Every structure is written in structure tokens, then in C-alpha cells.
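[1] sequence and computational prediction follow.
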Amino acid sequence: MWTYRAPLRDIEFVINEWLHAQAEWETIPNFAELDQDTVEQIVTSAGQFAAEVVAPINSPGDIEGCHYDNGKVTTPKHYRETYQAYVEAGWPALACETEFGGQGLPQLLNCALYEMLVAACHAWAMYPGLAHGAYECIRTHGTDSLKAQYLPKLVNGEWLATMCLTEAHAGTDLGLLRTRAEPDDAASGRYRISGTKIFISGGEHDLTDNIVHLVLARLPGAPAGSKGISLFLVPKLLLDGQANAVRCDGIEKKMGIKGSATCVLTFAQASGWIIGEPNRGLAAMFVMMNAARLHVGLQGLSHAEAAYQNALHYALERKQMRVPTSTDKQGATADLIVKHPPMRRILLQLRAFVQGQRALAYWIAHLLDCAEHHSDAAQRQASMQLVSLLTPMAKGFFTDNGFVLSSAALQVFGGHGYVHENAIEQTVRDSRIAMLYEGTNEIQAIDLVARKIIGDRGAAFDQLLKLIAVEVQACNAVSACATFGQQLQATSSAVSTVVAMILRETPTDRELPYRIADDFMRAFGLLMLAFAWARTARIAQARAEADDFYKDKLVTAHFCFDFVLPELHYRLELVNVAWQGVPQIEVRR
Ligand SMILES: Cc1cc2nc3c(=O)[nH]c(=O)nc-3n(C[C@H](O)[C@H](O)[C@H](O)COP(=O)(O)OP(=O)(O)OC[C@H]3O[C@@H](n4cnc5c(N)ncnc54)[C@H](O)[C@@H]3O)c2cc1C
């Protein structure tokens, strides 16, 4: 039986001890009043909501899926009540500006909320998850009247939203999209939008009456490619309550997140209003890209957390075979699964990735808050530079791991993991999508190497190296942690040597970044995991004698450096191999 318990102790460890978020908040006027008790209260209530209200709908919703009937979509049983409870508790407003009815709290807390909601039920969490991105986009680029008309209802949860980018022939390459927007009524700024979008999450459903679609389309005479794309707000219902010309023509049958309606939407001269400048639609959407990609990265973390909890629980109950070292020859005829060495390795691997990635994800969310709200302009800029560098890694590396680790967790259940009853097979299926949407993981890897490292000639990477060097020094200053400091130093030197080579060689080999990107992103992710665990070990070592929580942290830190991080050297070796070239596949038909 699948269950979810919010990992509150670890979340609080990351916020209070790993990040020392409170100390930073005290220097940021927007958050200066936020105290540790309030933060604990918010995180605890979010965990309770996720575990008690959302988790119970996960498995039944997967079996039932969504229903389509003549343009109408019905979500699985209890999705609607769960959403109403979510709205009544005020969760949609958590990290929105007070000006629009929000609570004005940090993204960091939204990140904790979202991690727990997705771990409880990814399919359901898709609906509220999309609304925040739309809110950010309208808030930053919408006109004052659009903001006044739409933001309060997105913030209070009365309406939900979508991102309508993909068309049948335009997925990764949005420059190919064909949806048209024609100016209609200059006085009201209205355009007429026509075209068909596919794969639109939450494109139609029964959770809210109105849905605010953000649609990419081309204006007449727009330049070809991605430089000719504009962004429009197209509501399902117009402000006078009339239906807009938006129709759901069907929902996709898919591998996972079956309770999330993925829709074909047809816009037939629908009324829409431009957001941002004409032909600058992609730039307007990029405003929320870092936060949106971090949220998808969190999905990888959530799946790995849920997989870890359930696999551990199972391994602590089921007995099979004797372990070779068993001393109790008279008693039970079999030992717990958790006692067998290969199963211990899987579970420790899950723990190392989950807890290390949590520290990294929350750090990025905290940097997003600093980038927006810090009173010191230099801090804002430095934070943004790190966010830009780390975000593609969080999206790509965490979601690759979410799928691989869920599959590893399934192994702990043996054949019982392959049947629905234990629901780990659902976690494997649900986790797979996060590697594909919000920019496939190949695109994240290319973004990391080509734009975030080569694009600024390694400046952001150098800033990161300085932070890593500070951690190395701090570890080396504590004798029990010197081994972590030395290994972190060796790891960061190995990666920075490759970065220097990339910067030197790309001008003469334009394909190079694209050939090495996937392995490089993996190596970079592992470097960041080493950073997360070195700092964790340094904090934990002083308290490990007195508290098992910290003792477990030290065990996991050692495991991570000994068993997980050797993959980094293998990945750098593959970077070297791909450096020489990847064979072409000849077209022979
Ligand atoms: C369940 C689900 C929900 C979705 N929700 C939404 C949504 O809400 N809104 C929305 O607009 N879209 C949504 N999508 C669409 C999703 O974002 C796209 O599927 C994704 O962008 C990839 O596009 P594609 O499927 O056309 O693949 P393609 O672009 O055809 O890519 C095929 C493969 O080629 C690789 N590839 C392509 N170009 C390159 C390159 N330059 N270098 C290296 N590799 C490359 C890709 O990485 C991929 O592996 C959703 C999709 C699904 C399945």
C-alpha cells in the first residue's frame, strides 16, 4: 500500500541549518518579519495537507484517469474537492505579491509546498503548479488592466491557467509554430487567435469555471522563426461570463500522470490580449522559465522521495532469505529485505540523491528570492547569475534521477513492485514525463553548456567555484571533515579542467558543446551533489554523537562520496570520448 509522509525534519534542516535562510531574510525588507516559528508552521501545515488530503487521491486517480465527453473534461473523483480544500487553505496565494491578494512569502516556502504536493500526487499537482508560472508572466509583462482583471483570481485560486506552446509540428522548435493572432479591436486591444495546440496540461477540466490560457502565436507579417512569436492571454470565459472560442478536441491517453488532463485545444478566432511586446513572446515567457524549470526539477526530487519512503517501508517489513552474517540461526527463517547488501545500496543511493538534491533545489529557490528581493543590487545580480547556471542542471539532472531512482526503488519490491497494488510502478510511469516537458533534458544540457557556461565565458561557473572553494576550506578546517573537503576539491578541479577545455576549443569545433552536453550535465550535477553533501557532513559531524538524524547524515555523506561520486569520473571520460566525435547515422532507405 502506497503512503506519503512529509519529510519535515529534513526540510527544516535544509532551511534552517544548510541555508540559514532566516539570517538572509532578516536583511531583505519583504521577509524581515518572517520568523522561524511561522516558517515551521507553514511547512508543517503544507506537509499535513499533502499527506492527509492529497496523497489519498494518488492511486485511485491513476486507475480512473480523466474523462472526455464532447469538449468537457472531468477529472478523477475527489480531484475537485481536493482543489477546493487547497484554495480554502490559501495555498495558491503563498508566494504571490500582497498587492494582488497574495501572502508575499518567499519562493523557498513555495518550493517546499510544491515538493510535497507532487510527491503526494503529481497528476493533481499539475493543475495548481501551472497557475504560478502564468501569474509571474502576467505580473511582469501584462498591462495594468490585465493584471487587475486576472491576477486576483489566479492568486485566490478561483481560476487556473495553462501554457499553450506546443503544436503537432512544433515541439522543441517553437520557431515552427503556426497559430495566428490578428488585431481585431484597437480600442480594447483585442486580437483574434486561431490555431491548434496539443499536449496542453490542464487545457480543460472541472476544477475551476474559468481557465486563463497563455498562448504563443504569430502576428501578421511577423519574422519567421522564434523572433516572430508573441504571447497572448486567452481566457476560456470572457469577463462578462460568455464562452470564448476555445474548444477542447480531446485528451491524450498517456503513460503516467493520468489524472492530469493533457489536451488538444483549438482556438477558432478566440479573443485574446497581448502580453509584452509584439514578437517578444518567448522573452516574456522566459521570465518565469527559471522558476518553472526549478519546479519541474523538484518533480524529480518528489518522485525519488516518495519512492525512497515506500521502498524503505517495504524493506523494513518483508523478509526473504537469510543474510550471510545472520547470527540468529534458531529463530526466523528469513531476514528483512533491508538487511541484504544490494538492497541497502539501493536505499542508501536513493537517500543520498534525495537529501542532497533537496539542499540544492531549496538553495536555488532561495537564490531566486535573493535575485528578486535583496536590497543590495550586487547580491541580486550574483544570485541571478547562479540561478541561471544551476537551473538547467536542476531540471535535467534531478528529473533523470527521479525516473532512474524510482525504477531502482521498484527493485526493492521484487515482483510486487511490478503490480499496481504497491504503486511504485505508478511512480516510475509518472516520473518519466518530467524528463520531457518544460524543455527536454537534452535541451537543458545544451542550455547549460552553450548558454550558461560558454555564453558568459565561464563567469557564472567561476562564481560557483569560489563558493565551492569556501566550502572546501571550511571542511578542511575540521579534521573529521577533511576527507570531504579534499574530495570536493578534487571533484571541482576535474570539472573546471573540462570547462577550461570547452571554453578553449569551441571556437574551432561548433558541434562540440552539443556532443558532450549530456555527460557534462551529469558530471556537473554530481559535482553539485558533492558540494551539498560536504556541507551537510560539516554541519552534521558536530551533532552526530547526540542525535541519530545527524549520524544518518554522516553515514549517507560517506556513502555518497564512496559509491555515487565515482560516476563523475566516468562521465568526464565520456566527455573526452564524445570530444573526438559521435558517428553519424547514415540515412539508408
Ligand atoms: C504529458 C505532457 C504534458 C505536456 N504539457 C505541456 C503544456 O502544458 N504546454 C505545452 O505547450 N506543451 C506541453 N507538453 C509538450 C512538451 O513540452 C513537448 O513534448 C516537448 O517540448 C518536446 O517536444 P516534442 O514532443 O515535439 O519532441 P521533439 O521536439 O520532436 O523532440 C524529439 C527528440 O529530439 C530531441 N531534440 C530535438 N531538438 C534537439 C536539439 N536541438 N538537440 C538535441 N536534441 C534535440 C529532443 O530532446 C527529443 O528527445 C507536454 C507534453 C506531455 C507529453
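    Received, thanks.

[2] now do stretch 8-28, average pLDDT.
    Stretch 8-28 shows an average pLDDT of 96 in the prediction.

[3] phi, psi of the residue in the stretch 151-300 of the chain that the ligand sits nearest to?
    Nearest to the ligand, among the residues of the stretch 151-300 of the chain, is G171, at 1.7 Å (Cβ to the nearest ligand atom). Using the backbone N, CA and C atoms, a C-beta is placed for each residue, glycine as well. With angles defined as degrees, to the nearest 10, G171 sits at phi -110, psi -90.

[4] in terms of pLDDT, where does it sit?
    Listed pLDDT for G171 reads 96.

[5] how about A332?
    On the pLDDT scale, A332 gets 64.

[6] now do K329
    On the pLDDT scale, K329 gets 65.

[7] any idea how many residues pack against S388?
    S388: 20 surrounding residues under other Cβ atoms under 10 Å.

[8] OK, contacts around it?
    N290, K452, A460 (Cβ atoms under 8 Å, 6 or more residues apart in numbering).

[9] repeat the analysis, applying 10 Å as the threshold.
    M289, N290, L367, A371, D447, L448, R451, K452, G455, D456, A460 (Cβ atoms under 10 Å, 6 or more residues apart in numbering).

[10] just the buried residues of those residues.
    If you count burial by 16 or more other Cβ atoms under 10 Å, the buried members of the contacts of S388 come out as M289, N290, L367, A371, D447, L448, K452, A460.

[11] returning to what we had before: ok, the residue of the stretch 151-300 of the chain closest to the ligand to G65 distance?
    Counting by Cβ to Cβ, to the nearest Å, the separation of G171 from G65 is 23 Å.

[12] next: R588.
    Applying Cβ to Cβ, the value for R588 to G65 is 41 Å.

[13] what does E425 give?
    To G65, E425 is 15 Å away according to Cβ to Cβ.

[14] quick one: buried residues of the lowest-mean-pLDDT helix or strand in the chain?
    In the chain, the helix or strand scored least confidently by mean pLDDT, DSSP states H and E is helix 281-286, which has a mean of 89. By neighbour count on 16+ other Cβ under 10 Å, the buried set for helix 281-286 is G281, L282, A284, M285.

[15] residues near V582, how many?
    12.

[16] need the phi and psi values for it.
    When read as degrees, to the nearest 10, the backbone of V582 gives phi -120, psi 130.

[17] quick check: bridge partners of the residue nearest to K236 when sequence neighbours are not counted?
    For K236, ignoring the flanking residues on the chain, the nearest one in space by Cβ to Cβ, 6 or more residues apart in numbering is I211 at 4.3 Å. Counting by DSSP bridges, I211 is bridged to L160.

[18] who touches I211 in this structure?
    Contacts of I211 (Cβ under 10 Å, 6+ apart): 127, 130-131, 134, 159-162, 200, 202-205, 234-237, 244, 246, 248, 265.

[19] roughly how far does it sit from H340?
    Distance, I211 to H340, using Cβ to Cβ: 50 Å.

[20] coming back round to it: tell me the one of the buried residues of helix 281-286 nearest P324?
    P324 lies nearest to M285 out of the buried residues of helix 281-286, by Cβ to Cβ, at 56.8 Å.

[21] I'd assumed A291 was in contact with the closest one.
    No. If you go by Cβ atoms under 10 Å, M285 and A291 don't touch, sitting 11.6 Å apart.

[22] shared neighbours of those two, anything?
    G133, E136.

[23] which residues touch L282?
    L165, L174, G175, L216, S226, K227, G228, I229, S230, L231, G276, M289.

[24] the last one and T140: what is the separation?
    Read it as M289. 12 Å.

[25] any chance you could map the helices in the stretch 101-250 of the chain?
    Applying DSSP state H, counting those that start in this stretch to the stretch 101-250 of the chain gives helices spanning 107-120, 122-141, 144-155.

[26] what's the mean pLDDT across the last one?
    When pLDDT is averaged over helix 144-155, the result is 97.

[27] list the contacts of it.
    Under Cβ under 10 Å, 6+ apart, the answer for helix 144-155 is 90, 92-94, 96-103, 131-132, 134-135, 138-143, 158-161, 188-189, 208, 210, 212, 233, 235, 239, 273-275.

[28] what does the stretch 351-500 of the chain put close to the ligand?
    By Cβ under 6 Å from any ligand atom, the residues of the stretch 351-500 of the chain that approach the ligand are I433, L436, Y437, T440, E442, I443, I446.
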